[in-house]
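**Q** this one's sequence-less:
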């Protein structure tokens, strides 16, 4: 049939970029690997096993759920593995593994697949899992063990192997054995909030405090994704700026009670949250102005929860709240088409 | 196949289950299902109110003017609730304290008024009481389902009996309000998927019945 042209009629989008979801997700994993490696080196075997279990748990949960509902398995887009890695990084290294598995199931099944899988989830799945664990097992999830223990590559933290559904064994004997002087199990944020003891900033920058990850390393890994054009820097920057500004105001009002902005930014999960969780491309706004509003809002909320709320850390709830608001933010901040006057933009 | 009128008792207990199908009476469902004992007590109290109010309303249904029927029903329901309130207090003061204001609040349970208006106002006394019993026990069944999940996970006990020994790590969340919502969602999911599967099977069977004659012809 020469001379016949086949015209294909399709709906938009007509132009496709060379980057696929799989590529981006694979590079996010590359960016997370140094942080995971540091976490494993700092806390030892238990931490490495925790990361392995959460990653495998999320991937298996997604694969099984897809198969059971008669769909093609969607684990090949790597997003379940990212969820698992992120969930593991937000948990204390000595968390009983059965609790970690519960967190994986909650993150993947109701947090992601119930909404329709990748691209439809309203909230960041890793944070859904973490929020569930925090509400269900508040003691275990906030119980941090000291890092850099001498025997960390030889033996596990005893609470790791708690029997499913049972309480983890008390850590007192183990803590006495690793002989870390004056260790209370509190994170720098908790010590600052409840006892007004400031941890030194230096070790925090390199993630050597209990319960925090290396801020500088996270920023480097985030920068890699930004340079590759796989992540928008606006959300990270505005969230850090929002937290630093709000923290600064609090610090100016009462320096004895509230920490300075640099300390605010480098403690807790703020940098990890701002770099890898708040930027979840599904649950965050897509308009540039919306991203600024979204990031600032989460930064301000984080510091408000930390300074005025009952919990030492507020990044998780701030991001979940931001996720919930992001469709609204998108709707309120439509970009102006090139050449259009303000009045012409439909509201 | 002739559609037969469903047995009002089975209808309330299963086919139109107030918790899982009609999703009525959510306030006590979420509020007091943190233990199996509370759930059963609340379910039985509601069942008792339903039987009394449905029976009484069916008995006087022809004598109540249409314009004042709702007020009449509420007066009857409130009377039954007051009786229940005193009964629970007389039987067990600890259950009475655990259920708190939720026994008097049965009067505001939409399930009770809905059965009065939707069933008892049109049907004779005996079927109305059967309907009340079915709906009430169906409600008790729903509450017990929720209470089981919440008590087993939240405290490691069932009716106060320890299931997992003293080392059980309680899932605090399930005793708190979010646990009510989560366990309700789990049960609704289970029942909805069961119903859908059943519907699909029946549709497939019906489709098969209509196709077969055509195939025979060809």
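**A** The structure has been received and is ready for your questions. As the structure is a computational prediction, the values presented were derived from the model and not from experiment. Residues are numbered from 1 along each chain as shown, chains lettered A, B, ... in the order given.
**Q** Could you tell me which residues of the stretch 151-300 of chain A lie near chain B?
**A** Proximity of the stretch 151-300 of chain A to chain B is assessed by Cβ under 8 Å from any Cβ of the partner chain, with A:162, A:163, A:165, A:166, A:167, A:168 identified as the residues in range. Where you see a C-beta, it was placed from the backbone N, CA and C, and this is true even at glycine.
**Q** Tell me how many other residues surround the second one.
**A** Around residue A:163 there are 13 other residues, counting by other Cβ atoms under 10 Å in any protein chain shown.
**Q** mind checking the SS state of it?
**A** Applying DSSP: H, G, I helix; E, B strand; the rest coil to residue A:163 yields a three-state assignment of coil.
**Q** Residue A:306: what's it in contact with?
**A** For residue A:306, the contacting residues are A:189, A:193, A:264, A:268, A:312, A:313, A:314, taking Cβ atoms under 8 Å, 6 or more residues apart in numbering or on different chains as the criterion.
**Q** quick one: what helix or strand has the fourth one in it?
**A** Using DSSP states H and E, residue A:268 is not contained in any helix or strand.
**Q** ok, now the first one?
**A** Using DSSP H and E, residue A:189 sits in helix A:188-190.
**Q** Which pLDDT value goes with the closest residue to residue A:157 other than its chain neighbours?
**A** Using Cβ to Cβ, 6 or more residues apart in numbering or on different chains and skipping the chain neighbours, the partner closest in space to residue A:157 is residue A:94 (3.8 Å). Looking at residue A:94, its pLDDT stands at 86.
**Q** Tell me which helix or strand residue A:94 sits in.
**A** In this assignment (DSSP H and E), residue A:94 forms part of neither any helix nor any strand.
**Q** quick revisit: out of the residues of the stretch 151-300 of chain A next to chain B, which are buried?
**A** Neighbour counting over these (16 or more other Cβ atoms under 10 Å in any protein chain shown) leaves A:162, A:165, A:166, A:167, A:168 as the buried ones.
**Q** before we move on, the earlier item: correct me, but the residue nearest to residue A:157 touches residue A:143?
**A** Yes. Judged on Cβ atoms under 8 Å, residue A:94 makes contact with residue A:143 at a distance of 6.9 Å.
**Q** Show the average pLDDT along the helix holding residue A:189.
**A** For helix A:188-190, the per-residue pLDDT values average out at 76.
**Q** Could you list the buried residues of that helix?
**A** Across helix A:188-190, burial judged by 16+ other Cβ under 10 Å covers A:188, A:189, A:190.
**Q** distance of the first one from residue A:35?
**A** In this case it means residue A:188. Separation of residue A:188 from residue A:35 (Cβ to Cβ, to the nearest Å) stands at 18 Å.
**Q** go on, the second one?
**A** Going from residue A:189 to residue A:35 by Cβ to Cβ gives 19 Å.
**Q** next one: the last one
**A** Relative to residue A:35, residue A:190 is positioned 22 Å away (Cβ to Cβ).
**Q** re the thing from before, reformat the residues of the stretch 151-300 of chain A next to chain B as JSON lines; add pLDDT.
**A** Rendered in JSON lines, the data for those read as follows (pLDDT from 0 to 100):
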{"residue": "A:162", "pLDDT": "84"}
{"residue": "A:163", "pLDDT": "83"}
{"residue": "A:165", "pLDDT": "83"}
{"residue": "A:166", "pLDDT": "84"}
{"residue": "A:167", "pLDDT": "83"}
{"residue": "A:168", "pLDDT": "83"}
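**Q** low-scoring stretches of the chain, by residue?
**A** Picked chain A for this. Along chain A, the parts satisfying pLDDT under 70 run over A:1-3, A:178-186, A:195, A:200, A:202-204, A:206-212, A:342-347.
**Q** try again with chain B
**A** Across chain B (using pLDDT under 70), the flagged ranges come out as B:1-5, B:211-218.
**Q** ok, now which ones touch residue A:94?
**A** Residues A:43, A:46, A:143, A:144, A:145, A:157, A:158, A:159, A:160, A:168, A:171 are the ones in contact with residue A:94 under the rule Cβ under 8 Å, 6+ apart.
**Q** Does the last one touch residue A:162 like I think?
**A** In this case it means residue A:171. No. Using Cβ under 8 Å as the test, residue A:171 is too far from residue A:162 to be in contact (11.0 Å).
**Q** Which helix or which strand is home to residue 70?
**A** Assuming you mean chain A. Taking DSSP H and E as the definition, one finds residue A:70 inside no helix or strand.
**Q** my bad, chain B
**A** Here residue B:70 is assigned to helix B:69-91, by DSSP H and E.
**Q** Now tell me what touches that helix from outside.
**A** The contact list for helix B:69-91, computed with Cβ under 8 Å, 6+ apart, reads B:41, B:45, B:48-49, B:52-53, B:56-57, B:60, B:64, B:95-96, B:99, B:103-104, B:106-107, B:112-113, B:116-117, B:121.
**Q** Right, I'll call it a day here.
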